[in-house]
Structure formats: C-alpha cells, structure tokens
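return a 3D structure for these sequence lines:
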Amino acid sequence: MQVVATVLKYTGLFFVTTGTLGMIFQKEILVKLHFATVSDTVGTLLIIFAYMIEKPEHLNYWILFTVLIAFIGPISGIAIAKGYFEKHRRK
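Numbering: from 1, shown residues only. This is a model prediction of the structure:
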C-alpha cells in the first residue's frame, strides 16, 4: 500500500507542476484558468487519496477534504471566468 500511496503522491505532484507550468507559459487568461482549475484539482485529489491510503484512521477528514476540493476548485474557476466575461463584455 505504501507504493500505491507514493505513486499517487508523485502523480498528483506531476499534475500540479505541469498545470502551473502550463499556466505560466500560456497567454490567454481563460486557458490559464483552465490549466489552474483542472490540473490543481486533479493533482490535489490524487495527493489526498494517497494520504487516505497512508492514514486511514483519519478517513472522515480525508473524505471531507476530497468533497470540498472536488466542488470548490471547479466552482471557483467558473466564478472567475464569469467575472472575466462580465468585465470584458462588448457593449
């Protein structure tokens, strides 16, 4: 189980790192936002799953964190995109 947790941690770290690099090198703001919301949400969830495997005695907290991250990440991205569209709407 330790090997599975380690693989999940490194995979999550890979997603977070590539999403951050993709966000840095893109020019369009909405593409940056997409990189940030998708890769950081998936990467963080993979890291939380790794800790679920490593420390099952705190499973209630890990499930709560998983649900919060799964909802807050995409919803915040949608809110930021909607605010951007509202501000830059052509009149």
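
quick one: Met23 and Val38 touch, right?
No - between Met23 and Val38 there is no contact under C-beta atoms under 8 Å: 10.5 Å. C-beta coordinates here come from the backbone N, C-alpha and C atoms, glycine included.

can you show me the helices along the protein?
Assigned helices in the chain, in chain order: 2-25, 29-54, 59-87 (criterion: DSSP state H).

how far off helix 29-54 does the shortest one point, in degrees?
Following axes from the mean of the first three to the mean of the last three C-alpha atoms, to 10 degrees, one obtains 170 degrees for the angle between helix 2-25 and helix 29-54.

in helix 2-25, which residues are buried?
5, 8-9, 11-12, 15-16, 19, 22-23 (16 or more other C-beta atoms under 10 Å).

about what we covered before: rebuild the helices of the chain as JSON lines, extending it with mean pLDDT.
Below are the helices of the chain laid out as JSON lines (pLDDT from 0 to 100):
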{"stretch": "helix 2-25", "mean pLDDT": "93"}
{"stretch": "helix 29-54", "mean pLDDT": "91"}
{"stretch": "helix 59-87", "mean pLDDT": "90"}
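
circling back to that earlier point, among the buried residues of helix 2-25, which one sits closest to Ile53?
Minimum distance to Ile53 across these is 4.4 Å, recorded for Ala5 (C-beta to C-beta).

how about the residue most central in space within the chain: what's its closest non-neighbour residue?
Centroid-nearest residue in the chain, with C-alpha atoms, centre = their mean: Thr41, separated by 1.5 Å. Sequence neighbours aside, Gly73 is the residue nearest to Thr41 in space, at 3.5 Å (criterion: C-beta to C-beta, 6 or more residues apart in numbering).
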